[in-house]
Every structure is written in structure tokens, then in C-alpha cells.
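> here is my input; please provide its structure:
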Amino acid sequence: MANARSLFKFAVERELINKNVFDHIKRGREQKPACRCFEVNSELIQEIIEAAPCVEWRLLIAIWRWTGAQKTEPLSIKVSDVKFEAEYSTINIKDAKRKDEYGNSVIRTVPIFDEIQPYLMELLESLNDAEVWLFPTLRKYGTSIDKPFKDIIKKAGHQPWPAICNNMRSTRANEIERAYGGSLESAWVGHDPKTYKRHYAQVQKSDLIRACAGANMVQHGGAGCGTGNLVTKKPHRKRQLQDAARLFRSLQMPQVPPLGLEPRTL
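Purely as a prediction, here's the structure:
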């Protein structure tokens, strides 16, 4: 239905037809695919980077994960797209989908996050001065770049997750939105706020840990989260409940003896 609506809208805008026959049909509520909710955490991606066969792969995986780039976007990065300033550094990424008013690809200027920098410096030092592309060897894979990446994931001892690049993109989009806000998430990852909320926003493990931090401090006497604390602190918790019960009983009013045992007084 959505595709048909878009097709007729395209025809109306170009005056090929007069009316979109789907305009009167109420839009259904789009559901976010379950496969998009897989979180690629930093520990997992670090193990995969360590299993990568060369510096190009290490940097590519880091850029995918820490910039939220789409699958083929890093392959178009040139060495000249990397900019070093006095207090920060950036990398220009050509958007794979969005175009400006002149039909040119939108360029996203993204910070070189700390997680990316060591792999970037390692690669730049290995390139010859005449090299144009940041990934001269991996460019040949094009849209099939995810296939050898799955082999690297397996080499690291993991199974490929449902949506290889999209899950990394979604994970990073949520991290950036929480740390820097929606405007910078849109600028760096490339989503408009509506798209982010509809397709990428999700509850992450870090959200749950942060939300439960206060409760864990009370329940476990300042200890951090974890099942180990739940086991070791149970006896202490039981003693607290027993002490409270004894205190409650000591405060109870003594019961009045039933009528008939003592003379009544008026």
C-alpha cells in the first residue's frame, strides 16, 4: 500500500494524473521490524575488530559502528575527507541516499570519535602519499562488503546478527541521541527526527542500568548492579526484615482482656 501511494503521489506531482486514488485511505501504523532492535554493544564490536585481518577492516568496522554510517558510505571516503583541526577532527561522509536541491549527495561532517581515532591513524600511516581513497582495497567489494564481514564475525566466535550494518547504525543512533540530542543525531547519522523515532529509537541496556541505579543503591547498600549482589546480599536483607518485624510487634498496644475476667468499672 505504501509503495502504491508513493507511486501515485509521484505521478500527481509530475502532472501525469490528476488525483492520487489512495489519498482517502487511512495510513496504517508502521511497525519497526524486530530485527532492527538488536544492540551491537561496544564489547562485541571490539572483539570483532580484534579478529579483523588488516588495518582497513579494523577502521571500516570502527566507522560503521561509531559513526552509524550506512553499508557502502565509508567506501566513498577519500583521504582528503579527513580533516584535523586544532581542537577537533572530522570526517566527511557522502550520504548514500539523500540529495540536495541540485541533485548532489548530501555530505555529513562527522566527528572522529575517540573509538575511531587509533584505527584511522594506523591506516593513514600505512597509505602512500599518492593514495586517494581511504579504503583502496575494500572498495572493490561494493554492496557485497557485508559478506566478508560476516566471516570476520564468525572468526571472532559470534554469529552474524539479523541486520549486519543496520543494527550498528541503529545502536549508534540511539547512543548519539542520548549523549548529544536529536539535532546532532540527525546531522551525524543522517536521520530526520521523525525517521529516528519511527524506525530507530529503542530501549538500550544502558538505559535500564541507569534507570535502576537508584534502586540498586538502596537495595544492595551502594553496590553496583548484577546478579552476584542479589545472591550475596539476601541474608542481610532477611535480617533487616526480621528486625523491622520485631520492632513492629514491640510497638503494638497490649490487648484488653475479654469481659467477664475482671469486674467492670463505671
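
> pLDDT wise, what is residue 99 at?
Looking at residue 99, its pLDDT stands at 84.

> quick one, phi/psi of it?
phi -120, psi 150 (degrees, to the nearest 10).

> please report the distance of it from residue 189.
17 Å (CB to CB, to the nearest Å). Quick note: C-beta positions are derived from backbone N, CA and C, even for glycine.

> who has more neighbours out of those two?
residue 189 (25 against 10; other CB atoms under 10 Å).

> list the residues that contact the residue lying closest to the more buried one once chain neighbours are set aside.
What sits nearest to residue 189 in space, not counting adjacent residues and going by CB to CB, 6 or more residues apart in numbering, is residue 68, at 4.0 Å. Applying CB atoms under 8 Å, 6 or more residues apart in numbering to residue 68 gives the contacts 168-173, 176, 188-190.

> which among those residues gets closest to residue 144?
Nearest to residue 144 out of the contacts of residue 68 is residue 168 (CB to CB; 17.2 Å).

> helix or strand: which one has the closest one?
Assigned by DSSP states H and E, residue 168 belongs to helix 164-180.

> please name every helix or strand in contact with that helix.
helix 55-67, helix 146-155, helix 182-189 (3 or more CB pairs under 8 Å, 6 or more residues apart in numbering; DSSP states H and E).

> pick the most buried one from those helices.
Burial of the helices and strands packed on helix 164-180 is given as mean neighbour count (mean count of other CB atoms under 10 Å); helix 55-67 ranks first at a mean of 23.

> immediately after it, which helix or strand?
Moving toward the C-terminus from helix 55-67, the next helix or strand (DSSP H and E) is strand 82-84.

> buried stuff in that next one?
residue 82 (16 or more other CB atoms under 10 Å).

> and stretch 159-167, by the same measure?
161, 163-167.

> pLDDT below threshold where in this protein?
Within the chain, the stretches with pLDDT under 70 are 1-3, 5, 21-22, 24-36, 192-211, 214-266.

> ranges for the strands of it?
82-84, 89-99, 105-111 (DSSP state E).

> now the end-to-end length of stretch 111-123.
Terminal residues of stretch 111-123 lie 17 Å apart, using CA to CA, to the nearest Å.

> next one: stretch 90-110
End-to-end distance (CA to CA), stretch 90-110: 5 Å.

> now do stretch 100-120
First-to-last residue span, stretch 100-120, CA to CA: 29 Å.

> residues contacting that stretch, please?
Contacts for stretch 100-120 (CB under 8 Å, 6+ apart): 42, 49, 55, 58-59, 62-63, 65-67, 69, 82, 88-96, 98-99, 187-190.

> again, but for stretch 39-56
In contact with stretch 39-56 (CB under 8 Å, 6+ apart) are residues 58, 61-62, 65, 115, 119, 122-123, 126, 135-138, 152-153, 155-158, 161, 167-168, 171, 202, 204-205.
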